[in-house]
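J.: what shape does this take:
(one chain, ligands or ions: 1)
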Amino acid sequence: MIEIMNRPRKRLFLTLILISLVLATVSSYGIWVVSMPGLSNISTYLPMILGTLLATVILAIACGVIGIILAILGFRTLGIFQGLAWSAINLLFPVAISIGKLFDVGKERIERSFIEVSNHLIKQKGIMVQPDKLLIMTPHCLQQESCPYKITRDVANCHHCGKCQIGDLVTLAESYGVHLAVVTGGTLARKVIKTIRPQAVLAIACERDLTSGIQDVFPLPVIGVLNQRPFGPCCNTRVNLAKVEEAIQNFLPKDISRKNKDGALT
Ligand code: SF4
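T.: Next up, the predicted model:
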(Lines give C-alpha, C1' and ligand atoms only; values in the text may rest on other atoms or scores of the structure.)
Protein backbone atom coordinates (compact mmCIF):
# COMPACT_ATOMS: atom_id res chain seq x y z
CA MET A 1 0.00 0.00 0.00
CA ILE A 2 2.79 2.39 1.01
CA GLU A 3 4.62 1.44 -2.19
CA ILE A 4 1.60 2.40 -4.28
CA MET A 5 1.19 5.71 -2.47
CA ASN A 6 4.87 6.55 -2.89
CA ARG A 7 4.86 5.70 -6.56
CA PRO A 8 4.95 8.94 -8.55
CA ARG A 9 2.71 9.07 -11.55
CA LYS A 10 4.07 9.26 -15.05
CA ARG A 11 2.52 12.70 -15.39
CA LEU A 12 5.14 14.29 -13.09
CA PHE A 13 7.90 13.49 -15.56
CA LEU A 14 5.69 14.34 -18.55
CA THR A 15 4.73 17.73 -17.07
CA LEU A 16 8.37 18.60 -16.35
CA ILE A 17 9.48 17.49 -19.80
CA LEU A 18 6.73 19.64 -21.40
CA ILE A 19 7.79 22.68 -19.34
CA SER A 20 11.40 21.97 -20.37
CA LEU A 21 10.33 21.92 -24.02
CA VAL A 22 8.60 25.30 -23.64
CA LEU A 23 11.72 26.71 -21.96
CA ALA A 24 13.99 25.30 -24.68
CA THR A 25 11.73 26.88 -27.35
CA VAL A 26 11.72 30.29 -25.63
CA SER A 27 15.52 30.15 -25.04
CA SER A 28 16.17 29.21 -28.67
CA TYR A 29 14.03 32.10 -29.85
CA GLY A 30 15.89 34.42 -27.45
CA ILE A 31 19.28 33.22 -28.77
CA TRP A 32 18.11 33.82 -32.32
CA VAL A 33 16.81 37.35 -31.59
CA VAL A 34 19.95 38.38 -29.65
CA SER A 35 22.38 37.03 -32.24
CA MET A 36 20.46 38.32 -35.27
CA PRO A 37 22.03 41.85 -35.51
CA GLY A 38 25.60 40.50 -35.26
CA LEU A 39 24.96 37.70 -37.75
CA SER A 40 23.27 40.10 -40.20
CA ASN A 41 26.43 42.22 -40.23
CA ILE A 42 28.42 39.16 -41.39
CA SER A 43 25.89 37.84 -43.91
CA THR A 44 22.20 38.39 -44.59
CA TYR A 45 21.76 34.58 -44.83
CA LEU A 46 23.18 33.74 -41.40
CA PRO A 47 20.07 34.66 -39.29
CA MET A 48 17.95 32.49 -41.59
CA ILE A 49 20.40 29.57 -41.35
CA LEU A 50 20.58 29.78 -37.53
CA GLY A 51 16.78 30.17 -37.32
CA THR A 52 16.24 27.08 -39.48
CA LEU A 53 18.73 25.05 -37.44
CA LEU A 54 17.18 26.00 -34.10
CA ALA A 55 13.64 25.45 -35.42
CA THR A 56 14.62 21.97 -36.72
CA VAL A 57 16.11 20.95 -33.36
CA ILE A 58 13.07 22.21 -31.42
CA LEU A 59 10.69 20.53 -33.87
CA ALA A 60 12.56 17.21 -33.52
CA ILE A 61 12.44 17.44 -29.70
CA ALA A 62 8.73 18.37 -29.84
CA CYS A 63 8.06 15.32 -32.05
CA GLY A 64 9.90 13.19 -29.47
CA VAL A 65 7.83 14.57 -26.59
CA ILE A 66 4.62 14.05 -28.59
CA GLY A 67 5.85 10.49 -29.28
CA ILE A 68 6.22 9.85 -25.53
CA ILE A 69 2.77 11.26 -24.75
CA LEU A 70 1.09 9.25 -27.54
CA ALA A 71 2.84 6.06 -26.37
CA ILE A 72 1.72 6.68 -22.77
CA LEU A 73 -1.84 7.22 -24.01
CA GLY A 74 -1.65 3.80 -25.67
CA PHE A 75 -1.14 4.80 -29.32
CA ARG A 76 1.32 2.82 -31.42
CA THR A 77 4.09 5.15 -32.60
CA LEU A 78 6.52 4.84 -35.50
CA GLY A 79 10.14 3.84 -34.87
CA ILE A 80 11.34 7.35 -35.75
CA PHE A 81 9.16 8.79 -32.97
CA GLN A 82 10.64 6.32 -30.49
CA GLY A 83 14.19 7.35 -31.43
CA LEU A 84 13.25 11.03 -31.15
CA ALA A 85 11.53 10.36 -27.82
CA TRP A 86 14.76 9.06 -26.28
CA SER A 87 16.79 11.93 -27.76
CA ALA A 88 14.26 14.36 -26.28
CA ILE A 89 14.51 12.64 -22.88
CA ASN A 90 18.32 12.76 -22.93
CA LEU A 91 18.33 16.45 -23.86
CA LEU A 92 15.53 17.65 -21.60
CA PHE A 93 16.12 15.47 -18.54
CA PRO A 94 18.70 17.80 -16.88
CA VAL A 95 16.38 20.76 -17.52
CA ALA A 96 13.46 18.83 -16.01
CA ILE A 97 15.51 18.11 -12.87
CA SER A 98 16.40 21.83 -12.52
CA ILE A 99 12.76 22.86 -12.94
CA GLY A 100 11.77 20.24 -10.36
CA LYS A 101 14.26 21.80 -7.92
CA LEU A 102 12.61 25.21 -8.40
CA PHE A 103 9.26 23.71 -7.39
CA ASP A 104 10.81 21.72 -4.54
CA VAL A 105 10.24 18.39 -6.27
CA GLY A 106 12.96 15.94 -5.21
CA LYS A 107 15.32 14.50 -7.83
CA GLU A 108 14.53 10.92 -6.74
CA ARG A 109 10.82 11.50 -7.27
CA ILE A 110 11.42 12.75 -10.81
CA GLU A 111 13.74 9.81 -11.50
CA ARG A 112 11.08 7.36 -10.24
CA SER A 113 8.55 8.97 -12.52
CA PHE A 114 11.00 8.76 -15.43
CA ILE A 115 11.60 5.03 -14.74
CA GLU A 116 7.81 4.46 -14.82
CA VAL A 117 7.58 6.27 -18.16
CA SER A 118 10.57 4.37 -19.55
CA ASN A 119 9.20 0.97 -18.38
CA HIS A 120 5.86 1.82 -19.94
CA LEU A 121 7.48 2.70 -23.28
CA ILE A 122 9.51 -0.53 -23.30
CA LYS A 123 6.57 -2.75 -22.27
CA GLN A 124 4.39 -1.15 -24.93
CA LYS A 125 6.86 -2.19 -27.61
CA GLY A 126 6.11 -5.82 -26.74
CA ILE A 127 9.76 -6.86 -27.03
CA MET A 128 10.25 -10.64 -26.78
CA VAL A 129 13.66 -12.29 -26.44
CA GLN A 130 14.87 -15.83 -25.91
CA PRO A 131 15.97 -16.56 -22.30
CA ASP A 132 19.68 -16.65 -23.21
CA LYS A 133 19.32 -13.10 -24.58
CA LEU A 134 17.91 -11.66 -21.35
CA LEU A 135 20.23 -10.34 -18.66
CA ILE A 136 19.21 -9.57 -15.09
CA MET A 137 21.65 -7.09 -13.62
CA THR A 138 21.66 -6.30 -9.95
CA PRO A 139 23.90 -4.15 -7.75
CA HIS A 140 26.48 -5.52 -5.34
CA CYS A 141 24.66 -3.95 -2.37
CA LEU A 142 21.96 -6.62 -2.61
CA GLN A 143 24.50 -9.10 -1.27
CA GLN A 144 24.68 -9.47 2.53
CA GLU A 145 27.46 -7.13 3.67
CA SER A 146 29.30 -9.85 5.62
CA CYS A 147 29.05 -12.52 2.89
CA PRO A 148 32.55 -13.79 2.01
CA TYR A 149 31.68 -15.20 -1.43
CA LYS A 150 32.79 -13.43 -4.61
CA ILE A 151 29.50 -13.36 -6.46
CA THR A 152 30.50 -10.42 -8.67
CA ARG A 153 32.95 -12.79 -10.37
CA ASP A 154 30.35 -15.54 -10.71
CA VAL A 155 26.88 -15.69 -9.17
CA ALA A 156 27.30 -19.48 -8.93
CA ASN A 157 29.61 -18.77 -5.96
CA CYS A 158 26.51 -17.94 -3.88
CA HIS A 159 25.88 -20.64 -1.25
CA HIS A 160 22.13 -19.92 -1.01
CA CYS A 161 22.34 -19.38 2.75
CA GLY A 162 19.20 -17.24 2.76
CA LYS A 163 20.82 -14.22 4.43
CA CYS A 164 20.15 -12.10 1.33
CA GLN A 165 18.10 -12.36 -1.86
CA ILE A 166 21.00 -13.19 -4.19
CA GLY A 167 20.29 -16.90 -3.68
CA ASP A 168 16.62 -16.37 -4.66
CA LEU A 169 17.66 -14.39 -7.73
CA VAL A 170 20.09 -17.14 -8.79
CA THR A 171 17.29 -19.71 -8.46
CA LEU A 172 14.88 -17.44 -10.37
CA ALA A 173 17.38 -16.81 -13.18
CA GLU A 174 18.20 -20.53 -13.44
CA SER A 175 14.55 -21.52 -13.52
CA TYR A 176 13.93 -19.26 -16.54
CA GLY A 177 17.33 -19.90 -18.13
CA VAL A 178 18.24 -16.19 -18.17
CA HIS A 179 21.59 -14.59 -17.30
CA LEU A 180 22.20 -12.98 -13.92
CA ALA A 181 25.09 -10.66 -13.10
CA VAL A 182 25.92 -8.81 -9.90
CA VAL A 183 27.84 -5.63 -10.67
CA THR A 184 29.76 -3.14 -8.59
CA GLY A 185 29.20 -0.15 -10.87
CA GLY A 186 28.76 1.25 -14.36
CA THR A 187 32.13 0.03 -15.70
CA LEU A 188 31.49 -3.60 -14.76
CA ALA A 189 27.89 -3.31 -16.01
CA ARG A 190 29.10 -2.15 -19.43
CA LYS A 191 31.68 -4.97 -19.50
CA VAL A 192 29.03 -7.59 -18.69
CA ILE A 193 26.75 -6.23 -21.43
CA LYS A 194 29.64 -6.36 -23.90
CA THR A 195 30.40 -9.98 -22.97
CA ILE A 196 26.86 -11.38 -22.80
CA ARG A 197 25.45 -9.23 -25.62
CA PRO A 198 21.86 -9.41 -24.35
CA GLN A 199 18.91 -8.18 -26.41
CA ALA A 200 17.15 -6.94 -23.29
CA VAL A 201 18.12 -6.08 -19.73
CA LEU A 202 16.21 -6.25 -16.46
CA ALA A 203 18.05 -3.85 -14.18
CA ILE A 204 17.64 -3.70 -10.41
CA ALA A 205 19.05 -0.53 -8.85
CA CYS A 206 18.32 2.74 -7.08
CA GLU A 207 16.68 5.70 -8.84
CA ARG A 208 19.96 7.39 -9.80
CA ASP A 209 21.67 4.29 -11.21
CA LEU A 210 18.60 3.11 -13.06
CA THR A 211 18.05 6.52 -14.65
CA SER A 212 21.63 6.87 -15.86
CA GLY A 213 21.86 3.17 -16.83
CA ILE A 214 18.68 3.25 -18.93
CA GLN A 215 19.95 6.33 -20.79
CA ASP A 216 23.51 4.95 -21.12
CA VAL A 217 22.63 1.67 -22.81
CA PHE A 218 19.95 3.05 -25.17
CA PRO A 219 18.85 1.59 -27.66
CA LEU A 220 19.14 -1.64 -25.62
CA PRO A 221 15.70 -2.09 -23.99
CA VAL A 222 15.80 -1.99 -20.19
CA ILE A 223 13.05 -2.65 -17.66
CA GLY A 224 14.01 -1.06 -14.36
CA VAL A 225 12.99 -2.47 -10.97
CA LEU A 226 13.76 -0.22 -8.01
CA ASN A 227 15.56 -1.72 -5.05
CA GLN A 228 14.43 -1.23 -1.46
CA ARG A 229 16.80 0.28 1.13
CA PRO A 230 15.65 -0.69 4.64
CA PHE A 231 19.22 -0.07 5.98
CA GLY A 232 19.88 3.08 3.97
CA PRO A 233 21.58 3.43 0.58
CA CYS A 234 24.04 0.82 -0.74
CA CYS A 235 23.78 -1.54 2.27
CA ASN A 236 21.93 -4.86 2.41
CA THR A 237 19.36 -3.65 -0.11
CA ARG A 238 16.40 -5.76 -1.18
CA VAL A 239 14.08 -6.13 -4.14
CA ASN A 240 10.51 -7.20 -4.72
CA LEU A 241 11.04 -10.63 -6.30
CA ALA A 242 7.48 -10.77 -7.65
CA LYS A 243 8.22 -7.62 -9.66
CA VAL A 244 11.44 -9.13 -10.96
CA GLU A 245 9.62 -12.28 -12.08
CA GLU A 246 6.88 -10.21 -13.70
CA ALA A 247 9.52 -8.25 -15.63
CA ILE A 248 11.21 -11.50 -16.76
CA GLN A 249 7.87 -12.80 -18.02
CA ASN A 250 7.30 -9.52 -19.87
CA PHE A 251 10.39 -10.09 -21.98
CA LEU A 252 10.06 -13.84 -22.61
CA PRO A 253 7.76 -15.46 -25.19
CA LYS A 254 4.52 -16.62 -23.61
CA ASP A 255 5.28 -20.31 -24.26
CA ILE A 256 8.35 -20.19 -21.98
CA SER A 257 7.46 -21.04 -18.39
CA ARG A 258 9.44 -21.28 -15.22
CA LYS A 259 11.15 -24.62 -14.59
CA ASN A 260 11.78 -26.00 -11.16
CA LYS A 261 15.19 -27.34 -10.16
CA ASP A 262 14.46 -30.76 -11.71
CA GLY A 263 13.67 -29.15 -15.04
CA ALA A 264 9.92 -29.68 -14.77
CA LEU A 265 7.60 -26.86 -15.74
CA THR A 266 5.68 -25.20 -12.93
S1 SF4 B 1 22.50 -15.82 -0.20
FE2 SF4 B 1 24.46 -16.06 -1.29
S3 SF4 B 1 25.23 -14.00 -1.58
FE4 SF4 B 1 23.63 -13.89 0.00
S5 SF4 B 1 24.75 -14.03 1.92
FE6 SF4 B 1 24.10 -16.11 1.36
S7 SF4 B 1 25.84 -16.96 0.21
FE8 SF4 B 1 26.16 -14.73 0.32
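J.: quickly check: stretch 132-144 near the ligand or not.
T.: Yes - for stretch 132-144, a contact with the ligand is found by C-beta under 6 Å from any ligand atom, at 143-144. Yep, even glycine has a C-beta here, placed from its N, CA and C like the rest.
J.: quick check: end-to-end length of that stretch?
T.: 27 Å (C-alpha to C-alpha, to the nearest Å).
J.: looking at it, D216 is touching I193, isn't it?
T.: No - counting by C-beta atoms under 8 Å, D216 stays clear of I193, with 9.5 Å between them.
J.: neighbour-wise, which of those two wins?
T.: For D216 versus I193, the count of surrounding residues by other C-beta atoms under 10 Å is larger for I193: 19 against 14.
J.: what's the helix or strand for the more buried one?
T.: For I193, the element it lies in under DSSP states H and E is helix 186-196.
J.: got it, and A181?
T.: Secondary structure assignment for A181, by DSSP H and E: strand 179-183.
J.: what lies in contact with the helix holding I193?
T.: For helix 186-196, the external contacting residues (C-beta atoms under 8 Å, 6 or more residues apart in numbering) are 135, 137, 152, 179, 181, 183, 201, 209, 212-213, 216-217, 220.
J.: same thing with stretch 66-79?
T.: Stretch 66-79 is contacted by residues 10, 14, 17, 81-82, 84-85, 88-89, 117, 120-121, 124 when judged by C-beta under 8 Å, 6+ apart.
J.: include distance to Q165, secondary structure and neighbour count when you put these into JSON lines, please.
T.: What follows is the contacts of stretch 66-79, written out as JSON lines (distance: C-beta to C-beta, whole Å; DSSP: H, G, I helix; E, B strand; the rest coil; neighbours: other C-beta atoms under 10 Å):
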{"residue": "K10", "distance to Q165": "28", "secondary structure": "helix", "neighbour count": "20"}
{"residue": "L14", "distance to Q165": "33", "secondary structure": "helix", "neighbour count": "18"}
{"residue": "I17", "distance to Q165": "34", "secondary structure": "helix", "neighbour count": "27"}
{"residue": "F81", "distance to Q165": "38", "secondary structure": "helix", "neighbour count": "18"}
{"residue": "Q82", "distance to Q165": "33", "secondary structure": "helix", "neighbour count": "18"}
{"residue": "L84", "distance to Q165": "38", "secondary structure": "helix", "neighbour count": "22"}
{"residue": "A85", "distance to Q165": "33", "secondary structure": "helix", "neighbour count": "25"}
{"residue": "A88", "distance to Q165": "36", "secondary structure": "helix", "neighbour count": "24"}
{"residue": "I89", "distance to Q165": "30", "secondary structure": "helix", "neighbour count": "24"}
{"residue": "V117", "distance to Q165": "27", "secondary structure": "helix", "neighbour count": "23"}
{"residue": "H120", "distance to Q165": "26", "secondary structure": "helix", "neighbour count": "14"}
{"residue": "L121", "distance to Q165": "28", "secondary structure": "helix", "neighbour count": "20"}
{"residue": "Q124", "distance to Q165": "29", "secondary structure": "helix", "neighbour count": "15"}
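J.: those: which ones sit near the ligand?
T.: When C-beta under 6 Å from any ligand atom is applied, no member of those is adjacent to the ligand.
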